[in-house]
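Asker: Based on what follows, work out the 3D shape:
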Amino acid sequence: MLTRHLAAQIGPFNIRVNCITPETILTEGNRERIPEAQRTTLVEAHTLQRFGTVEDVAQALRCLASDRAARVTGIVLDVAGGTVML
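Answerer: Sure thing, here's the model as predicted:
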C-alpha cells in the first residue's frame, strides 16, 4: 500500500517507486544461522525448490531500475521462488 501511495504522489515528477520482497535468500549469515535440517524444509516450501540468491535479488533490482521498466511503478515484486503462491 505504501509503495502504491508513494508512486501516486511522486509519479508526476517522473519518479518511479517499486518494492522488492525477497524470501529466504541464502546469504553467508543465513548459511551459518539456519541448521541444515531446517534448510531442507525451507527449500521444499519453495515452488522452485531452491533458496534465492543475492544475484536473484540484484537481477530483479537491475530490471526495475533500467529503462526497460520505464513504465513500471507502484508494484511489489515478490522475488520469492513461488512461496507466495502456496
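
Asker: R50 against L42, yeah?
Answerer: No: here R50 does not reach L42: they are 10.2 Å apart, not a contact under C-beta atoms under 8 Å. In short, each C-beta sits where N, CA and C put it, glycine included.

Asker: Name the residue in those two with the higher neighbour count.
Answerer: Between R50 and L42, counted using other C-beta atoms under 10 Å, L42 has the larger neighbour count: 16 against 12.

Asker: what residues are up against the more buried one?
Answerer: Residues in contact with L42 (C-beta atoms under 8 Å, 6 or more residues apart in numbering) are 24, 34, 51.

Asker: Which PyMOL command selects the buried ones in those residues?
Answerer: Entered in PyMOL, the line below selects the buried ones among these, by 16 or more other C-beta atoms under 10 Å:
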select buried, resi 24+51
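
Asker: For Q59, pull up the helix or strand it's in.
Answerer: Under the criterion of DSSP states H and E, Q59 resides in helix 54-65.

Asker: CA-only coordinates of that helix, as CSV, when you get a sec.
Answerer: In CSV, the C-alpha atoms belonging to helix 54-65 read as follows (Å, rounded to 0.1, in the frame of the first residue of the first chain):
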residue,chain,number,x,y,z
VAL,A,54,21.7,-12.3,-3.7
GLU,A,55,22.1,-12.4,-7.5
ASP,A,56,18.4,-13.2,-7.9
VAL,A,57,17.5,-10.0,-6.0
ALA,A,58,20.1,-8.0,-7.8
GLN,A,59,18.8,-9.0,-11.2
ALA,A,60,15.2,-8.0,-10.2
LEU,A,61,16.5,-4.7,-9.0
ARG,A,62,18.5,-4.1,-12.2
CYS,A,63,15.5,-4.7,-14.3
LEU,A,64,13.2,-2.4,-12.3
ALA,A,65,15.9,0.3,-12.3
